[in-house]
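J.: Please work out how this folds:
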Amino acid sequence: MLPSEHPPNSTSLTTMTSSDDVARRQADNDDQLIGLWLHGRSPETIAAYSADIRRFRTFVQIPLRQVRLADIQDFANQLDDSGLRPASQYRTLSAVKSLYAFGHRLGYFQFDIARPLRLPAVRDTLNERILSEVEVHKMIALERHPRNHAMLLMLYATGVRASELCGMRWRDMTARDDGGQVTVFGKGNKTRTILIPASVWATIMQLRKGAMDDSPVFVSRQGGPLHRSRLW
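T.: Down below sits the predicted model:
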């Protein structure tokens with residue numbers, strides 16, 4: 001019998017079977033795998049990544065385990081041919097790569113087939129989108145609506161994200177010396193405390209008008225929390 005014809009020993013068989021069993025217990029199908037992959041991410045990230053993976057699955061039309069690198073490369077070419085912006089192509093393909101890397105670590109995929117995929121180059125345009133200090137102050141000064149004026153001040157003074165601003169409750173606000181502080185629960189499920197200058201604190205406090213601790217700081221026209229789309 002040739003060396004290559006020897007059957008694997010019992011230890012190897014046990015290890016392989018155990019690994020397969022673990023993978024099956026973690027995810028029985030593609031939908032379960034995607035659910036595990038998305039778990040714990042922010043609502044905005046879940047929405048964006050879900051749309052990206054739906055687009056990919058619609059393109060390949062086969063189970064994720066049957067996809068080859070060539071299929072992913074064809075998908076990348078299709079995104080480029082569709083006229084999708086490079087930044088959007090980058091995000092979509094990054095989501096696909098992330099899913100396959102996660103599935104490989106979990107044992108759902110035997111190989112991380114998306115790892116060799118090259119992402120499109122994206123030009124950094126951040127400097128083109130940054131307002132000058134004069135422009136920011138002018139924007140704040142020209143906003144006459146009390147709520148909107150206070151929101152602009154809060155965004156500028158604290159650097160909080162849009163979703164964090166919309167989620168602020170009065171219980172999160174604490175007076176401190178002449179100013180105050182706000183506790184926000186933000187990206188990555190991290191909690192942090194941010195100081196608020198006295199002038200901004202005074203403007204924010206004018207919005208409370210007897211509101212309960214659990215009430216939103218920035219109220220919509222319907223009286224509930226302000227949605228991020230309304231903030232934009």
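J.: mind checking how far Val96 is from Val200?
T.: Using Cβ to Cβ, to the nearest Å, one gets 42 Å for the distance from Val96 to Val200. (C-beta placed from N, C-alpha, C; glycine too.)
J.: With Val60 instead?
T.: Applying Cβ to Cβ to Val60 and Val200 gives a distance of 50 Å.
J.: returning to what we had before: between Val96 and Val200, who's got more neighbours?
T.: For Val96 versus Val200, neighbours defined as other Cβ atoms under 10 Å are more numerous around Val96 (23 against 18).
J.: Show me what the lengthiest helix in the chain is packed up against.
T.: Ordering each helix of the chain by length in residues (DSSP state H) puts helix 86-106 first. Secondary-structure packing of helix 86-106 (3 or more Cβ pairs under 8 Å, 6 or more residues apart in numbering; DSSP states H and E): helix 30-38, helix 43-60, helix 69-81.
J.: contacting residues around the most centrally placed residue in the chain?
T.: Geometric centre of the chain, nearest residue: Thr45, 2.9 Å, by Cα atoms, centre = their mean. Residues in contact with Thr45 (Cβ atoms under 8 Å, 6 or more residues apart in numbering) are Leu38.
J.: among the helices and strands packed on helix 86-106, which is nearest Leu231?
T.: helix 43-60 (12.5 Å; Cβ to Cβ).
J.: what about dumping the CA coordinates of the closest one to PDB?
T.: Taking C-alpha atoms only, helix 43-60 is exported to PDB below (Å, rounded to 0.1, in the frame of the first residue of the first chain):
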ATOM      1  CA  PRO A  43     -28.600  49.500  13.000                       C
ATOM      2  CA  GLU A  44     -27.100  51.600  10.300                       C
ATOM      3  CA  THR A  45     -24.300  49.100   9.600                       C
ATOM      4  CA  ILE A  46     -26.800  46.200   9.700                       C
ATOM      5  CA  ALA A  47     -28.900  47.900   7.100                       C
ATOM      6  CA  ALA A  48     -26.000  48.700   4.800                       C
ATOM      7  CA  TYR A  49     -24.300  45.300   5.100                       C
ATOM      8  CA  SER A  50     -27.600  43.500   4.600                       C
ATOM      9  CA  ALA A  51     -28.200  45.400   1.400                       C
ATOM     10  CA  ASP A  52     -24.700  44.600   0.200                       C
ATOM     11  CA  ILE A  53     -25.000  40.900   0.800                       C
ATOM     12  CA  ARG A  54     -28.500  40.700  -0.700                       C
ATOM     13  CA  ARG A  55     -27.000  42.300  -3.900                       C
ATOM     14  CA  PHE A  56     -24.200  39.700  -3.900                       C
ATOM     15  CA  ARG A  57     -26.500  36.700  -3.300                       C
ATOM     16  CA  THR A  58     -28.900  38.000  -6.100                       C
ATOM     17  CA  PHE A  59     -25.900  38.100  -8.400                       C
ATOM     18  CA  VAL A  60     -24.400  34.700  -7.700                       C
END
